[in-house]
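Novice: Sequence plus the predicted model coming up.
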Amino acid sequence: MITAYKHVTLIHGILTRLSRPDWTEDFQAYCARHGLAVTWKAEHYFAPPFPTLTTGLINPYMAKGLARRITLVNQSARQNPVDFDGLPICLVGHSNGADIAIRTCWELARLGQKVETLILIAGAVQHDIHESGLAELIDEGHVGRVFAYWNAADIVVKPLELPFLKRFMASWGALGARGLASGISPTGQHLRLDERLESSEVLSETQYFNRNFEGYGHNGYFAEGNISRTFSALVQDLGLQSIHPIPAPAPKPVAVDEDDFPPGVPYKD
């Protein structure tokens, strides 16, 4: 049986220090330690906390380049006789990275690529699936399913839903503090932090999922005491598989002649 690899792109938020490893490299190391079948790409960039500049110029530019690179990876995979259809594409974005991830889905759609799983961690995007464009991406078949990792203690994105701030925030919003909604009503399947997908009775009835990381705030997903639980949830929701090496064949018995045994050692046939 051939293990199905997936191509996962990880996108961090703004003001991330580029001079030292961040959670994207930590996740790569986590996958390597656990022997997971994944190829990955961490998308590094710097953006200031100015919504008009970041969402109007930097994020669209990042999304276009990222979509082209992902498409090249899939074109190369199609040349492999094992992966006829290329690698399943998955995107994971944190904070402003969620906005880049959604924009990348649209750019990939224009290039004829479909995203299997989109995970938005503490997303600084609109929580309404119609305002964010997620509903259209799902309905048109460009994205298979969406996960929102959220918690009400996210005080970084929570103020972005206030009316007097919202008008200045461009496409930024409070998904990371609210979870997915359709209009004013929550939408999708709601999961606890450690709840397994197969325990959900409506897994096949929705393409929207909300996983509540209660008390994690905005950056607490990657804090020392929490990061392993966040990564465990990512592995499950991305559907990553372990690489099981083919066991070596048992050695064949070697015929032994009685004369080969030294004196005093009994020979048994």
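Specialist: Here it is on my side, so go on.
Novice: Show me which positions of the host helix or strand of residue 70 end up buried.
Specialist: Secondary-structure assignment from DSSP states H and E places residue 70 in helix 59-78. Of the residues in helix 59-78, 59-60, 62-63, 66-67, 70-71, 73-74, 77 count as buried by neighbour count, 16 or more other Cβ atoms under 10 Å. (Each C-beta comes from the backbone N, C-alpha and C, glycine too.)
Novice: Can you tell me the element residue 53 falls in?
Specialist: Residue 53 belongs to helix 51-53, assigned by DSSP H and E.
Novice: The helix holding residue 70 - what's its average pLDDT?
Specialist: Helix 59-78 carries an average pLDDT of 88.
Novice: same thing with stretch 122-142?
Specialist: Averaged across stretch 122-142, pLDDT comes to 96.
Novice: Sort out which residues of that stretch are buried, please.
Specialist: 122-129, 132-135, 137-138, 142.
Novice: for stretch 216-231, same thing?
Specialist: Buried-residue list, stretch 216-231, by 16+ other Cβ under 10 Å: 216-222, 226-227, 230-231.
Novice: now stretch 37-54
Specialist: Neighbour-count burial for stretch 37-54, counted by 16+ other Cβ under 10 Å, picks out 37-38, 40-43, 45, 47, 51, 54.
Novice: Kindly report the same for stretch 186-200.
Specialist: Neighbour-count burial for stretch 186-200 [16+ other Cβ under 10 Å]: 187-191, 193.
Novice: contacting residues around it?
Specialist: The contact list for stretch 186-200, computed with Cβ atoms under 8 Å, 6 or more residues apart in numbering, reads 129, 146, 148, 179-181, 202-203, 205-214, 229, 232-233, 236-237.
Novice: Could you pick out the buried ones from the residues you listed?
Specialist: Neighbour-count burial (16+ other Cβ under 10 Å) is assigned, among those, to 129, 146, 148, 179-181, 207-213, 233, 236-237.
Novice: Mind picking the two most distant members of those?
Specialist: Largest separation among the buried ones among the contacts of stretch 186-200 by Cβ to Cβ: 181 and 236, giving 23.5 Å.
Novice: Would you confirm that residue 161 contacts residue 178?
Specialist: Yes. At 7.0 Å, residue 161 counts as touching residue 178 under the criterion of Cβ atoms under 8 Å.
Novice: For the stretch 51-200 of the chain, which segments are assigned as helices?
Specialist: Applying DSSP state H, counting those that start in this stretch to the stretch 51-200 of the chain gives helices spanning 51-53, 59-78, 96-110, 129-132, 134-139, 163-166, 175-178.
Novice: how near is residue 159 to residue 102?
Specialist: Shown here: residue 159 relative to residue 102, a distance of 21 Å by Cβ to Cβ, to the nearest Å.
Novice: Have a look at those two and say which one is more surrounded.
Specialist: For the pair residue 159 and residue 102, the greater number of neighbours falls to residue 102 (26 against 13), based on other Cβ atoms under 10 Å.
Novice: I figured the more buried one was touching residue 118, is that so?
Specialist: Yes. Counting by Cβ under 8 Å, residue 118 is a contact partner of residue 102 at 7.5 Å.
Novice: who touches both of those two?
Specialist: Joint contacts of residue 102 and residue 118 (Cβ under 8 Å, 6+ apart) are 134, 137.
Novice: So which residues make contact with the helix holding residue 70?
Specialist: 7, 9, 11, 39, 41, 43, 45, 47, 83-87, 89, 96, 99-100, 103-104, 106-108, 110-111, 113.
Novice: what's the answer for stretch 218-235, then?
Specialist: Stretch 218-235 is contacted from outside by 22-23, 26-27, 30-31, 34, 36, 92, 94-95, 119, 121-122, 149, 154-157, 176, 193-194, 211, 213, 216, using Cβ under 8 Å, 6+ apart.
Novice: Pull out the buried members of those residues.
Specialist: Buried, going by 16+ other Cβ under 10 Å: 22-23, 26-27, 30-31, 36, 92, 94-95, 119, 121-122, 149, 154, 156-157, 176, 193, 211, 213, 216, out of these.
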